[in-house]
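> Sharing a model that was predicted from the sequence below.
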Amino acid sequence: MIAASLATSVRFLTWYHQHSLPVTPINPRTASIALPSSEYRTVPSPSVLCDPSQTSLSIVTPPSVSLQVLQDAHAAGIPAVWLQPGAFDDSVLEYARQHFAVAIAGQGGHGDEGWCVLVDGELGLEAAGRTWAPQEL
């Protein structure tokens, strides 16, 4: 799942699509997001996801929005979040670490800005024992 602005959502959605991962974008302002080969229906918040307890959330919103998204995700029962660079400040990071079984964020990864699915996601897939072949757009 992705919570983000529309332009940023497309970049992250493309990564998940190319890696054949199930994804549902979260965006309260648009009903769908189109890639060249697929269109993904959005949901307005984590509370309306089909199976939140089996969902992780990749957050790419500004910190001022991220805290509310995390609060909604926690209330929905989502167990894991990945806070992308720029999506958190100290209070958002503290909330994520206190309320989720897994919270990936902060220093580390291969990029200069910290852990990012666009840079480090393939290592995460390998660590989770997932193999993948890039999918065409």
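Yes, it's here. Numbers count the residues shown, from 1 in each chain.
> Over to Val43: give its phi and psi.
Main-chain dihedrals, Val43, degrees, to the nearest 10: phi -120, psi 150.
> was I right about it contacting Arg29?
No - Val43 is beyond contact range of Arg29, at 11.9 Å (criterion: C-beta atoms under 8 Å). For the C-beta atoms, the positions are set from N, CA and C on the backbone; glycine is no exception.
> Looking at those two now, which is surrounded by more residues?
Ranked by neighbour count (other C-beta atoms under 10 Å), Val43 and Arg29 place Val43 first, with 17 against 8.
> For the residue positioned nearest the centre of the chain, which residues count as its bridge partners?
Centroid check for the chain by C-alpha atoms, centre = their mean gives Ser58 as the closest residue, at 1.2 Å. As for beta bridges, Ser58 partners with Ile2, Trp82 under DSSP bridges.
> Just to check, it is in contact with Val117?
Yes - contact criterion C-beta under 8 Å: Ser58 and Val117 qualify, at 5.6 Å.
> Pull the residues that contact stretch 98-108.
Outside stretch 98-108, the residues that touch it by C-beta atoms under 8 Å, 6 or more residues apart in numbering are 56, 70, 73-74, 78-83, 87-88, 93, 96-97, 114-115, 124.
> One more: stretch 111-124?
Outside of stretch 111-124, the residues within contact range by C-beta under 8 Å, 6+ apart are 11-12, 15, 19, 58, 82, 84-86, 104-110, 132.
> redo that, cut-off 7 Å
Applying C-beta atoms under 7 Å, 6 or more residues apart in numbering, the contact partners of stretch 111-124 are 11-12, 15, 58, 82, 84-85, 104-110.
> For this protein, give me the ranges with low pLDDT.
Residues of the chain meeting the criterion pLDDT under 70: 1-6, 131-137.
> in it, which spans are strands?
Using DSSP state E, the strands of the chain run over 2-4, 25-26, 32-34, 39-41, 56-60, 80-83, 102-104.
> Relative to Cys50, which of those is closest?
For Cys50, the closest of the strands of the chain is strand 39-41, at 11.4 Å, according to C-beta to C-beta.
> Surely the residue nearest to the centre of the chain touches Ser9?
No - using C-beta atoms under 7 Å, Ser58 and Ser9 do not qualify as a contacting pair, with a distance of 9.9 Å.
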